[in-house]
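Student: A predicted structure for the sequence below; I have some questions about it.
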Amino acid sequence: MKILVIGGAGYIGSHVVKSLLSARHEVCVYDNLSTGCAQNLFSDAGFVQGDILDYPALLRAMKQNIDAVVFLAAKKAVGESMENPGKYANNNLIGAINTLNAMTEADVRKIIFSSSAAVYGLPEYLPVDEQHPTAPINFYGFTKLDMENYMNWYDRLKGIKFISLRYFNAVGYDEEGAVKGLEKNPQNLLPIIMEAACGIRKKVMIFGNDYDTRDGTCIRDYIHVSDLAAAHLKALEYLQKNNQSQIFNLGTENGVSVLEMILKAREITGKEIPYEFAGRRAGDPAVLLASAQKAQKLLGWSAVHSDLENIIDSTWKLYKPSAI
Ligand code: UDP
């Protein structure tokens, strides 16, 4: 298939491109390189530097006999989405609507969409399955849910079939070292731990140690980005075979606490990684775990790269050269 990967120069997108290429799909990356980086582009894939807000450019890219779209282009910092909702509405919502309109115009009827556990909000039960009520508690999560709603309507009205992949906590790097670009200004836990291990930042602030968990710190379901990438391939195969829209959680059902992550990172890196307890971060549930039973059943997918050691080791390999 010929696949347009929108946001293909980003952290998750570049891993998705790698797995699409290894499955012999033809890939064209469409990315504005605002957070993605040129270092993440593969020579075997085409590249168009463009913005999802630039409709004519997007339509031109879509009119290259594209069979399916993988859509990963989005602003994703939760805190920023609460301070600057306009930026998130513009980029994430208008960008997604442009994509669906361009697909309609260019007669492209399949899309794999990057969604998030943030659509669920505070969990009412664990592990969270796809039937769990959706009640986002941050604007970023709202934009992801809204985009899913648009896709539902474009399915009904225009026959665009979608698979929405609700990622839990994406971590790790390609184990073969094929993806080289580090994220700029990372906001997530593991890159922050790595920066502390490298001496780029002084310490890790742990947001809350008074949660009702085994060590008082928050527990999350960390899923290796190569497992996420593999799920995109399976999702494409599913769409091709069944032509039916679906939503899937992608996680491991295993929880790791913030403190456990730091202690394991110390062990693997041999670095001190100082940390300090700080107050809770607004909107953080104590525990978030995915049920990925549906993906296992319908896609034949399960996480195989996501043990903690592998997650940290593959990330450290990239950060290590900058360690002092
Ligand atoms: N976290 C932390 N310090 C940091 C960044 C994150 O203690 O500097 C915690 C955060 O409160 C959450 C977990 O690490 O419990 C994972 O946060 P992240 O931002 O990576 O992902 P999220 O769960 O918000 O999607």
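Tutor: Cool, the structure landed. The structure displayed is predicted, hence computed values, not measured ones. Numbering: from 1, shown residues only.
Student: where do the helices sit along the stretch 201-324 of the chain?
Tutor: Counting by DSSP state H, counting those that start in this stretch, one finds helices in the stretch 201-324 of the chain at the ranges 225-242, 258-269, 293-294, 308-319.
Student: near the ligand, which residues of the stretch 1-150 of the chain?
Tutor: Residues of the stretch 1-150 of the chain found near the ligand (Cβ under 6 Å from any ligand atom) are residue 78. From N, CA and C alone the C-beta is placed, and that goes for glycine too.
Student: closest point of the stretch 1-150 of the chain to the ligand, which residue?
Tutor: Closest residue of the stretch 1-150 of the chain to the ligand, Cβ to the nearest ligand atom: residue 78 (5.7 Å).
Student: Touching, that residue and residue 136? I think so.
Tutor: No. With contact defined as Cβ atoms under 8 Å, residue 78 does not count as touching residue 136 (10.0 Å).
Student: tally of neighbours for the closest residue to residue 166 other than its chain neighbours?
Tutor: Spatially, and ignoring its direct neighbours in sequence, residue 166 is nearest to residue 115 (4.5 Å; Cβ to Cβ, 6 or more residues apart in numbering). Neighbours of residue 115 under the rule other Cβ atoms under 10 Å: 24.
Student: who touches both of residue 78 and residue 136?
Tutor: Residues touching both residue 78 and residue 136 (Cβ atoms under 8 Å, 6 or more residues apart in numbering) are residue 118.
Student: just to revisit the earlier point, for the helices of the stretch 201-324 of the chain, which one ends up most surrounded?
Tutor: Most buried of those by mean neighbour count (mean count of other Cβ atoms under 10 Å) is helix 225-242; its value is a mean of 21.
Student: rewinding a little: mind pulling the model confidence for the residue of the stretch 1-150 of the chain closest to the ligand?
Tutor: We have a pLDDT of 87 for residue 78.
Student: Next up, the contacts around it.
Tutor: Going by Cβ under 8 Å, 6+ apart, residue 78 touches 118, 138, 140, 141, 187, 283.
Student: Show me just the buried residues among those.
Tutor: 118, 138, 140, 141, 283 (16 or more other Cβ atoms under 10 Å).
Student: Point out the least confident member of the residues you listed, please.
Tutor: For the buried ones among the contacts of residue 78, the least confident entry is residue 283, with 80.
Student: Would you agree that one is in contact with residue 136?
Tutor: No. The pair residue 283 / residue 136 is not scored as a contact, 9.4 Å apart, by Cβ under 8 Å.
Student: so what sits against both of the two?
Tutor: By Cβ under 8 Å, 6+ apart, no residue touches both residue 283 and residue 136.
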